[in-house]
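# Fold the following, please.
(2 chains)
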Amino acid sequence: MRGDFVSNVVTITGVKKLYKMGSEIVAALNGVDLKIDSGEFVALMGPSGSGKSTLMNILGCLDRPTEGSYKLLGKEVSGLSDDELAKIRNKTIGFVFQNFCLLAKLTSLENVALPAIYAGFDSKKRLAMAMEALEKVSLADRAEHLPSELSGGQRQRVAIARAIAMKPAIIMADEPTGNLDTKSTGEIMQIFRDLHATGSTIIIVTHEPDIAQAAERQILVKDGKITKDILTAHTDEKIDII
Amino acid sequence: MLFTELLKIAWQSLIANKFRTILTMLGIIIGVSAVIAMVSVGMGVRKNVTDSISRLGSNMLVVMSGSSNRGGVRGGAGSVTTLTYDDAMAIKDKIKNVAYVSPTAQTSSQVVYGHENWSTTVTGVIPEYVAIQSLSMQSGIFFTEHDVEVRNRVAVIGTTVATNLFDTVNPVGKKIRIGNAPYTVIGLLKSKGQSGGGQDQDDVVLIPLTTAQERLLGITHVRSINVQVADADKMDEVQANIEKLLRQRHRIRAGTDDDFNVRNLTSLMETMTETTTMITLLLGSIAGISLVVGGIGIMNIMMVSVTERTREIGIRKAIGATYNSIMLQFLIESTMISILGGIIGIIFGVGLAQAISKFGNFTTVISSLSIVASFGFSLFVGIFFGMLPARKAARLDPIDALRYE
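Model (predicted):
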């Protein structure tokens, strides 16, 4: 079971992230080992300051570990340059953020088509991909709307469409329901479940146990280390409550 | 592919902030139009000067008798007496592209009218002198070929001489004395003012060449022959032909020096052109400073824009924008501002130059070089001052940028 085995999407070994605070060195991550298989639905949990955001940034190739190895789809990425990481984020990772992070001046369709611009696809292909993604989140009828004309839940669905438009290997969602009401939260979690059902690998960062229950695996980060890594023993009814 | 998308993105962001874009552009517009208008004023001055020099005779050749050399003692220019009226006529008859030929003989003399007297230059000329010097008459007439043939004692005087001798009396028809002989004043020249060299061109008395040679000076040679060339481009050719012809006529053996000099006014022209070019450059560079200031304006606004759009940059980077694509996006924006500003500035500048010439009664010359140069400079300014904000944007850390509120 080595990390270069393809079914391992993520293989992290001995990852440390150190920050210098004045003369002191603070470890945001202090030796983390983690493997995530293709098609897994993982919830990353932990109190604030635990290091889960740092881990999420490293997993999302927004940041590099100070020490240790990170193999994404069997390829070592811990030593890559900013531009190489940007290309990996573009093609391999789809981000969903707590505050949606849509560009206010672009329509839903244009927002969803944005990653494809940086992939260099032509406009016909881009719009086709974006439309397909919007259909998956049932928002095809809102394609020409600006984010300001959509509800919170709809905005987050556009953001999910943007995350899946490039058909990435991993979908990373950082507190995706943090700004939503209960009803929208249910809708969003349903979408994640559907995506999971079609084989997507999903990592959700959350501090709400209810959300974590929706995932099939829960990882708890505390003081820069993984302290718990369990499979969720959930039933379908539980998810329906959410 | 990506580049055209970045063009679109930049354009959309300019449109989204129309008012700010226009204000930023204003700096470039003012700069470019100032350069074009100022340079056109400078070029106008230059054209005026060049025109007035060529009116003086830029296509004028002056044949002077040369210096003598007897036993090693060299006399001054004009000390040789071989240049004659016949030489002048030969130049006129035998050399192509010669418009007018005007041989002169000159002396300084006391001129007397009644109780008044005045020391001035008396020049013997032929009627063609009028054309060659662009003279015109204020009153009376110029003497004719006939006066030259029969050596009439007639004179045409300049306004300075007229004022000093006659005060307010009309000099035409009056008799003056030059070298104790009476001359009838038949004409008064229109004032020409000072020459380029600072000489008073109105302090002259003109008499027929033959009269001057035989009755006043008692000589047979002429002091100089002014030759006006028909075509300014043929100056060198005509000059060479004159030299050849005169060497022939004066039987100068090959290897020995000429006994005459042929001069032209090009050096004066060059000096004046140099001066006016300096004026143009000065005006242009002062206006150019406003272009630089406009560029700093672009940098200011772009800096603010980058800060304002930190989150946008974060989002773009998170979904895969590279350093270069962010850099280009902002660089294109600032370049677009400078290009658009440049184009509007050209239109304004040309309009301004035309307005100056129309309402300010001032010659302006719009040069394509100043248009191209100021546009190029504004483009450079846009890129140069856009670089810093664009780099700032491209170097943003996506994590920090996403967290920015």
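# going forward, measure contacts between C-alpha atoms and count neighbours the same way
Noted.
# who touches stretch B:280-296?
Outside stretch B:280-296, the residues that touch it by CA atoms under 8 Å, 6 or more residues apart in numbering or on different chains are B:24-28, B:30-32, B:34-36, B:38-39, B:41-43, B:374, B:378, B:381-382, B:385.
# what about the closest residue to chain B within chain A, how many residues close to it?
Scanning chain A for the residue nearest chain B gives A:N90, at 4.0 Å (criterion: CA to the nearest CA). A count of nearby residues for A:N90, using other CA atoms under 10 Å in any protein chain shown, gives 27.
# do the same with the one 5 residues further on
A count of neighbours around A:F95, defined by other CA under 10 Å, yields 26.
# Same check on B:F19?
Look at B:F19: counted by other CA under 10 Å, it has 11 neighbours.
# now B:G345
By other CA under 10 Å, 30 other residues sit near B:G345.
# ok now the helix or strand containing it, how far from the chain's centre?
Element membership of B:G345 [criterion: DSSP states H and E] is helix B:323-359. Its chain's C-alpha centre and that of helix B:323-359 lie 30 Å apart, by CA atoms, centre = their mean, to the nearest Å.
# What is that helix packed up against?
Judged by 3 or more CA pairs under 8 Å, 6 or more residues apart in numbering or on different chains; DSSP states H and E, the packing partners of helix B:323-359 are helix B:2-16, helix B:18-57, helix B:266-308, helix B:368-394.
# let's see it at 7 Å
Packing partners of helix B:323-359 (3 or more CA pairs under 7 Å, 6 or more residues apart in numbering or on different chains; DSSP states H and E): helix B:2-16, helix B:18-57, helix B:368-394.
# Report the next helix or strand after the lengthiest helix in chain A in sequence order.
Identified as the longest helix of chain A according to DSSP state H is helix A:182-197. Downstream of helix A:182-197, the first helix or strand assigned by DSSP H and E is strand A:201-205.
# now that next one against helix A:182-197, angle please.
Relative orientation of strand A:201-205 versus helix A:182-197 (axes from the mean of the first three to the mean of the last three CA atoms, to 10 degrees): 150 degrees.
# pLDDT on strand A:201-205, on average?
Per-residue pLDDT over strand A:201-205 has a mean of 93.
# do stretch B:223-230 as well
On average, stretch B:223-230 scores 85.
# So, low pLDDT: which residues of the chain?
Unless you meant another one, I'm taking chain A. Where chain A drops to pLDDT under 70, the residues are A:1-6, A:233-242.
# Can you look at chain B instead?
For chain B, applying pLDDT under 70 flags the ranges B:1, B:54-58, B:67-80, B:195-198, B:267.
# How about the residues of it by chain A?
Within chain B, the positions adjacent to chain A are B:1-2, B:312, B:315, B:317-323, B:398-399 by CA under 7 Å from any CA of the partner chain.
# any chance of the residues you listed in CSV, plus neighbour count and distance to B:A10?
Formatted as CSV, these follow (neighbours: other CA atoms under 10 Å in any protein chain shown; distance: CA to CA, whole Å):
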residue, neighbour count, distance to B:A10
B:M1, 12, 14
B:L2, 15, 12
B:E312, 20, 13
B:I315, 23, 16
B:K317, 31, 16
B:A318, 27, 19
B:I319, 29, 18
B:G320, 28, 18
B:A321, 26, 14
B:T322, 22, 16
B:Y323, 18, 16
B:P398, 24, 20
B:I399, 17, 23
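# which residues touch the residue most central in space within chain A?
Chain A has A:M172 as the residue nearest its centroid, 0.4 Å off, counting by CA atoms, centre = their mean. By CA atoms under 7 Å, 6 or more residues apart in numbering or on different chains, the contact set of A:M172 is A:60, A:93-96, A:202-204.
# Helices of chain A, start to end?
Going by DSSP H, chain A shows helices at A:52-59, A:82-92, A:108-119, A:123-136, A:152-165, A:182-197, A:209-214, A:236-241.
# now those helices in JSON lines, with distance to B:P389?
Listed next are the helices of chain A as JSON lines, based on distance: least, CA to CA, whole Å:
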{"stretch": "helix A:52-59", "distance to B:P389": "26"}
{"stretch": "helix A:82-92", "distance to B:P389": "19"}
{"stretch": "helix A:108-119", "distance to B:P389": "21"}
{"stretch": "helix A:123-136", "distance to B:P389": "29"}
{"stretch": "helix A:152-165", "distance to B:P389": "28"}
{"stretch": "helix A:182-197", "distance to B:P389": "38"}
{"stretch": "helix A:209-214", "distance to B:P389": "41"}
{"stretch": "helix A:236-241", "distance to B:P389": "48"}
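# Can you get me a residue count around B:V154?
Burial of B:V154 is recorded as 22 neighbouring residues (other CA under 10 Å).
# who does it bridge with?
B:T184 (DSSP bridges).
# That one and B:A181 touch, don't they?
No - using CA atoms under 7 Å, B:V154 is not in contact with B:A181, being 10.7 Å away.
# Now list the buried members of the contacts of stretch B:280-296.
Using 16 or more other CA atoms under 10 Å in any protein chain shown as the burial test, the contacts of stretch B:280-296 include B:24-28, B:30-32, B:34-36, B:38-39, B:41-43, B:374, B:378, B:381-382, B:385 as buried.
# where does chain A come near chain B, residue by residue?
Residues of chain A lying near chain B by CA under 7 Å from any CA: A:62, A:83, A:86-87, A:89-90, A:101, A:103, A:115, A:117-118, A:120, A:122.
# Which segments of chain B make up each domain?
Under the assignment automatic domain parsing, the domains of chain B span B:2-52+B:270-403, B:59-264.
# Highest mean neighbour count out of these?
Ranked by mean neighbour count under mean count of other CA atoms under 10 Å in any protein chain shown, the domains of chain B are led by domain B:2-52+B:270-403, which reaches a mean of 21.
# Many thanks, I have nothing further to ask.
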